[in-house]
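Q: Provided below for reference: sequence and predicted model.
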Amino acid sequence: MPTRGQLSVRSLIARVTGRRRGVEPSAGAVVGLEGLTERLSSHKVTRLALSFLAANDGLHLKDLGLEEMTDDRRAKYEGRAFWNFGSDSFLGLDRHPRVHEAISDALPEWGSHNGASRAFSSPTLTDEAEAKLARWLGVADTFIFPSVTLANMGVLPAIAGSGDLLIVDRESHDSVHQGARLAAAGGARLEQVVTPSPAAVADVMHRSVAKGMVMAIDGVYSMSGKTPPLADLDAAVRGLGGTLYVDDAHGTGVVGPQGRGAAAAALGTLDNVLMVGSLSKAFSCLGGFVTCTPDLKTVLKIRSSTFIFGGPVPPPYLAAICAVCDIFMTPEYDRLLTALRNRTRQLTAGLDRLGLSYHGGGAAIVSVVVGDIEKTFAAGKSLFDRGFYVQSATYPAVPINGGLLRIQVNANHPTTAIDGLLNALGDVASEVQIPMRSRIEPLAASA
Ligand SMILES: Cc1ncc(COP(=O)(O)O)c(C=O)c1O
């Protein structure tokens, strides 16, 4: 089954390898975009990735163009229907009538985009959305960005600069690392920890003198669905005079009491940490936000480049964010959250019965451990052929030979679809020889 771009992948590889062997002599250097493409394609890691794509035509299921999607996560690709276990809209709010109504009502009033950096002007809907988010989370204020990536790239350099120490958990999301690199370019000393623990924090801290200290970490790791020991880390970081910064993109709306996220669940309050939430995953809108106080927000507005020099969340989506905050205050949200957690438990209980190793389950991500890259792709493809799409997560998203079948559960998945996935996983496990083990991480307390 060819995926988009397969032909160009093959021709790129043929061109790059041909030139290296001198098989395809050229009259002169290739210039323009073709030359640029060729130069980039010949870089070691890119060439390896292209070779892998060409050799495993149709196996990797990346860059799928979905033709259809229903409320209960039935989707179509190249005319074939399947259950989609690869959607971050964990609560199915992307299909909610109140969310749709908010977008369509705001559109004629505010237009599709207000076309200015918020540093100049923005609709009052922005303040309304930030206040509603703050009320839901029980914090003094929040600060919205057009994405979590832009929040991380705007806030991390704003809170860790020259003379400061920024500790980053290696398993954090790529956008946390991008933000940290910008902070380092601005003079912060950057340290990575591989196993985040109070001892690791103290060790890094004692090796240097710093004006200020921040530790950045995910609330729910995006590939494995696991949660790090946030309460211990917060105590250690605060004990050393620093601040914990938690990218809780996958915890927002689904983990902990009232879905306030992994940080709130672990710490009880968000008063002393910076929690970054996603407005596009469980929220099913667009954007990211960071919790703060009004004074801190004023300072962040002055210090954050992605706020000053970037555009805003479009007004219809600000209205949708307000609608989702309202839904979070209704019994319907409790029902959705219960449905999501029941389905997640149904899945993890089934995996336990099958004897498959998995991570996560405290949020809506459950990742079955496969290991070998090719087996991970083969298992994903075999599940797809049986009518179930899950994401084959491989290097560099996970360590080499740390391949995972990443399953995203949805409140709207019929329970029969989860049973079907479990049956298919049982078959695929023997077909592909997925290593069997007992469960390797207990369910997080948030469920
Ligand atoms: C932990 C984490 N942070 C950030 C992001 C990026 O979010 P956005 O698409 O809003 O930039 C993701 C996306 O999956 C994520 O999992």
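A: Sure thing, it's come through.

Q: what's the burial count for residue 372?
A: Residue 372: 18 surrounding residues under other CB atoms under 10 Å. C-beta: built from backbone N, CA, C; applies to glycine.

Q: The helix or strand containing residue 180: which residues count as buried?
A: Take DSSP states H and E as the rule and residue 180 turns out to sit in helix 174-185. Neighbour-count burial for helix 174-185, counted by 16 or more other CB atoms under 10 Å, picks out 175-177, 179-184.

Q: Run the chain-centre distance for that helix.
A: Taking CA atoms, centre = their mean, to the nearest Å, one finds the center of helix 174-185 at 16 Å from the center of the full chain.

Q: I'd like the next helix or strand past it.
A: Following helix 174-185 in sequence, per DSSP H and E, is strand 189-193.

Q: First residue to last residue on stretch 361-373, what's the distance there?
A: 23 Å (CA to CA, to the nearest Å).

Q: can you list contacts of the helix holding residue 180?
A: 148-149, 152-157, 159-161, 164, 166, 168-169, 188, 190, 216-218, 247 (CB atoms under 8 Å, 6 or more residues apart in numbering).

Q: Sitting in strands, which of those do you find?
A: 166, 168-169, 190, 216-218, 247 (DSSP state E).

Q: those strands in the stretch 251-400 of the chain, which residues are they?
A: 274-278, 288-292, 358-360, 365-371, 388-389, 391-393 (DSSP state E, counting those that start in this stretch).

Q: Tell me the one among the ones in strands among the contacts of helix 174-185 nearest to residue 270.
A: Ranked by distance to residue 270 (CB to CB), those are led by residue 247 at 13.4 Å.

Q: tell me the contacts of the closest one?
A: 148, 152, 172-173, 175-176, 216-219, 276.

Q: Regarding residue 35, which helix or strand does it belong to?
A: helix 32-41.

Q: Tell me which helix or strand comes right after that helix.
A: That would be, after helix 32-41 and using DSSP H and E, helix 44-55.

Q: Stretch 268-277 and the ligand in contact?
A: No. Using CB under 6 Å from any ligand atom, stretch 268-277 stays clear of the ligand, with a minimum separation of 7.4 Å.

Q: Rounded mean pLDDT for that stretch, please.
A: Taken as a whole, stretch 268-277 carries a mean pLDDT of 97.

Q: Check stretch 222-240 too.
A: 97.

Q: Buried ones in that stretch, by neighbour count?
A: 222-228, 230, 233-234, 236-237, 240.

Q: so where's the chain uncertain?
A: 1-7, 9-10, 15-28, 438-447 (pLDDT under 70).

Q: circling back to that earlier point, dump the contacts of residue 247 to CSV, plus distance to residue 400.
A: As requested, these are arranged in CSV below (distance: CB to CB, whole Å):
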residue, distance to residue 400
148, 26
152, 25
172, 19
173, 19
175, 22
176, 21
216, 24
217, 23
218, 20
219, 26
276, 28
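
Q: so how far is residue 337 from residue 254?
A: 7 Å (CB to CB, to the nearest Å).

Q: Give me the contact list for the strand or helix carrying residue 204.
A: Using DSSP H and E, residue 204 sits in helix 198-206. Helix 198-206 has contacts (CB under 8 Å, 6+ apart) with 165, 167, 191, 193-194, 213, 215, 232-233, 235-237, 240, 242.

Q: same check, this time on stretch 130-137
A: By CB under 8 Å, 6+ apart, stretch 130-137 touches 140-144, 258, 260-261, 264, 270, 275, 277, 289, 291, 321-322, 325-326, 328-329.

Q: ok, now with 7 Å
A: 140-144, 258, 260, 264, 270, 289, 291, 322, 325, 328 (CB atoms under 7 Å, 6 or more residues apart in numbering).

Q: so what's residue 437 closest to, chain neighbours aside?
A: Leaving aside its sequence neighbours, residue 437 sits nearest to residue 357 (CB to CB, 6 or more residues apart in numbering; 4.1 Å).

Q: List, one by one, the residues from this structure near the ligand.
A: 147-149, 173, 175, 218, 222, 247, 249-250, 278, 280, 288.

Q: Show me the domain layout of the protein.
A: Domain assignment for the chain by automatic domain parsing gives 6-55, 68-88+331-432, 96-328.

Q: okay if I get those domains as CSV plus distance to residue 61?
A: Converted to CSV, these look like this (distance: least, CB to CB, whole Å):
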stretch, distance to residue 61
domain 6-55, 11
domain 68-88+331-432, 6
domain 96-328, 16
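
Q: quick revisit: please indicate which of the ones in strands among the contacts of helix 174-185 has the highest neighbour count?
A: residue 247 (35 neighbours).

Q: Kindly provide the distance from that one to residue 110.
A: 29 Å.

Q: so where's the longest helix in this structure?
A: Criterion DSSP state H: the longest helix present in the chain is helix 331-354.

Q: wait, what's in contact with residue 370?
A: Contacts of residue 370 by CB under 7 Å, 6+ apart are 376, 379, 403-405, 434.

Q: swap that for residue 435, please
A: Contacts of residue 435 by CB under 7 Å, 6+ apart are 357, 371.

Q: just residue 294 next, same as before
A: Residue 294 neighbours (CB under 7 Å, 6+ apart): 140-141.

Q: and residue 357, how many neighbours does it have?
A: 19.

Q: any chance of the ones in strands among the contacts of helix 174-185 in JSON lines, plus distance to residue 135?
A: Output for these, formatted as JSON lines (distance: CB to CB, whole Å):
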{"residue": "166", "distance to residue 135": "31"}
{"residue": "168", "distance to residue 135": "31"}
{"residue": "169", "distance to residue 135": "30"}
{"residue": "190", "distance to residue 135": "35"}
{"residue": "216", "distance to residue 135": "26"}
{"residue": "217", "distance to residue 135": "26"}
{"residue": "218", "distance to residue 135": "25"}
{"residue": "247", "distance to residue 135": "22"}
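
Q: quick one: which of the residues you listed is nearest residue 387?
A: residue 218 (31.4 Å).

Q: so that closest one makes contact with residue 170?
A: No. Using CB atoms under 7 Å, residue 218 is not in contact with residue 170; the gap is 10.6 Å.

Q: hang on, the earlier thing: pull the most distant pair out of the contacts of helix 198-206.
A: Among the contacts of helix 198-206, 194 and 235 lie farthest apart (CB to CB), at 20.3 Å.

Q: Is the closest residue to residue 308 other than its chain neighbours part of a helix or strand, or is it coil?
A: Distance criterion CB to CB, 6+ apart; nearest residue to residue 308, sequence neighbours excluded, is residue 119 at 4.7 Å. Secondary structure for residue 119, judged by DSSP: H, G, I helix; E, B strand; the rest coil, is coil.

Q: Can you report how many residues lie near residue 119?
A: Residue 119 has 14 nearby residues by other CB under 10 Å.

Q: I'd like the distance between it and the ligand.
A: 20 Å (CB to the nearest ligand atom, to the nearest Å).

Q: Go ahead and confirm that residue touches residue 311.
A: No. Using CB under 7 Å, residue 119 is not in contact with residue 311; the gap is 10.5 Å.

Q: List the buried residues of stretch 305-317.
A: Buried residues in stretch 305-317 (16+ other CB under 10 Å): 306-307, 310, 312-317.
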